[in-house]
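# sequence first, predicted model second:
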Amino acid sequence: DPCPTCSASDVLIQNNTTDNINNFGGETIEVNGNTIRARILNNTINHTYMSDPVSDQTIGIACIGLHRGPTYVLIKGNRVTDTGQSIYLDNCAQYIVVEDNYFENNDPAIGASAEAFSLHAPPNQAGVLNAIIRRNTVVNQTFNLMGGHGDTNPAVGCTNGTVGHASDSVFVHNTVWAGGRTNNTTSLALDCGVNNRVKNNIFSGPGSLTLQYWIINNGQVGFSTELATWQINGNRFWDTNGGGIFFQWLSGTFYNSLAAFTAATGFEANGSTGTPNFVNTAARNFNLNTGSTAINAGINLTTTSGT
């Protein structure tokens, strides 16, 4: 963003296809800076990399704030496969919707984050605010991220004024499935942010550690207080190998059941376990079969007050 006073508006990036390209460490599709009203719709991105096609993969779609972050951005109906990261919202300002996308074989998958202000934004940058991440399908990827990057020193954590935050955002109605990998984890990583909501998602994967709500820089200062403002509830968990559900929490604490996790943290009072009963995972049909106990198993996302 070499021109902090420049702006762009009403941007449309639609119906493009890229396959097996070297994007030299950048992003295949990116909006950044003072962009207002951008739509990234129905694009297909397959296998992007920087130098080595196998080990050096990069980002599919990015929304990045430099001097100022983009606002009013819709990322919808895209298909991203075999890249380094599917979607990266880094200081992507506010009013961002990421919905109805399909992501497979990318690590990590969806990141609603904010790197340290000293890297990508001035001290008054808000980070990521009011992002809605919903109805996405995430296949064979190890983790998603909600929250800004904390300080690399755990003693500083989220309290340093130069770290980013991702706040007032939601991660809801997403399907995260890792059944196509061996000993994979299906996880949502949490970091600096307040008033975020994680509800009514399906997390399903193999191995002894099926789900991690894990914290970047475990136990870092400031995040426990911020975490008290989060709502995490109504999610469905399933180990495709039948070995049990395991949760990782602050300071690396592990819980071997949903009940134990809820008792210790207060989260997931309405969470559930059990097979989602997908229609056909081999054909990548993650609709729920008739009779699935995951149907209507979530909770209300909003409430109405007054008359």
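Yep, that arrived.

# switch to C-alpha atoms for all contacts and neighbour counts from now on
Noted.

# show me what secondary structure element comes after the helix-or-strand element of the chain with minimal mean pLDDT.
Every helix and strand of the chain was ranked by mean pLDDT, DSSP states H and E. The lowest is helix 117-120, at a mean of 44. Using DSSP states H and E, the helix or strand that follows helix 117-120 towards the C-terminus is strand 128-134.

# can you work out which other helices and strands pack against that following strand?
strand 93-99, strand 110-113, strand 166-167, strand 170-172 (3 or more C-alpha pairs under 8 Å, 6 or more residues apart in numbering; DSSP states H and E).

# strand partners (parallel or antiparallel) of it?
strand 93-99 (parallel), strand 166-167 (parallel), strand 170-172 (parallel) (DSSP bridges).

# I'd like the next helix or strand past the last one.
Taking DSSP H and E as the definition, the helix or strand that follows strand 170-172 towards the C-terminus is strand 175-177.

# on that earlier part again, so which of the helices and strands packed on strand 128-134 gets nearest Gly271?
Taking C-alpha to C-alpha, strand 170-172 is the member of the helices and strands packed on strand 128-134 nearest to Gly271, at 13.1 Å.

# just how off-centre is the closest one within its chain?
Taking C-alpha atoms, centre = their mean, to the nearest Å, one finds strand 170-172 lying 9 Å from the centre of the chain it belongs to.

# show me where the stretch 151-300 of the chain has strands.
166-167, 170-172, 175-177, 186-190, 197-199, 202-205, 211-215, 231-233, 236-239, 247-248, 254-255, 272-273, 278-280, 285-288 (DSSP state E, counting those that start in this stretch).

# strands paired with the fifth one, and their directions?
Strand 197-199 sits in its sheet next to strand 170-172 (parallel), strand 231-233 (parallel), going by DSSP bridges.

# need the winner for burial among those strands.
strand 170-172 (a mean of 24; mean count of other C-alpha atoms under 10 Å).

# name the residues that touch it?
Asn130, Ala131, Ile132, Ile133, Arg134, Arg135, Asn196, Arg197, Val198, Lys199, Asn200, Asn201 (C-alpha atoms under 8 Å, 6 or more residues apart in numbering).

# mind doing that once more with 10 Å?
97-99, 110, 112, 129-136, 144-146, 188, 195-202, 230-232, 234-235, 301 (C-alpha atoms under 10 Å, 6 or more residues apart in numbering).

# list buried residues within those.
97-99, 110, 112, 129-136, 144-146, 188, 195-202, 230-232, 234-235 (16 or more other C-alpha atoms under 10 Å).

# and Asn300, its phi and psi?
Here is the backbone geometry of Asn300 (degrees, to the nearest 10): phi -70, psi 140.

# and for it, the neighbour number?
9 (other C-alpha atoms under 10 Å).

# for it, what are its contacts?
So Asn300 contacts Lys199, Asn200, Gly234 (C-alpha under 10 Å, 6+ apart).

# do the same with Asn235
Applying C-alpha under 10 Å, 6+ apart, the residues near Asn235 are 172-174, 198-203, 268-273, 294, 297-299.

# mind running it again at 8 Å?
Val198, Lys199, Asn200, Asn201, Ile202, Phe203, Glu268, Asn270, Gly271, Ser272, Gly298.

# do you know how far the last one is from Ile40?
Spelled out, that is Gly298. 29 Å (C-alpha to C-alpha, to the nearest Å).

# between the two, which one's more packed in?
Ile40 (22 against 19).

# which strands or helices does the helix or strand the more buried one falls within pack on?
Using DSSP H and E, Ile40 falls within strand 35-41. Judged by 3+ C-alpha pairs under 8 Å, 6+ apart, strand 35-41 is in contact with strand 8-14, strand 71-76.

# parallel or antiparallel, which strands does the longest one pair with?
It refers to strand 8-14. strand 35-41 (parallel).

# ok, the last one next?
According to DSSP bridges, strand 71-76 forms sheet pairs with strand 35-41 (parallel), strand 93-99 (parallel).

# now, of these, which is deepest in the fold?
Note that of the strands paired with strand 71-76, strand 93-99 is the most buried (mean count of other C-alpha under 10 Å), with a mean of 22.

# could you pull up the mean pLDDT of that one?
The average pLDDT for strand 93-99 rounds to 91.

# same thing with stretch 204-218?
Mean predicted lDDT for stretch 204-218 stands at 59.

# related to what we said a few turns ago, tabulate the strands paired with strand 71-76 (CSV), appending distance to Ser9.
Shown next, in CSV, are those (distance: least, C-alpha to C-alpha, whole Å):
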stretch, distance to Ser9
strand 35-41, 5
strand 93-99, 14
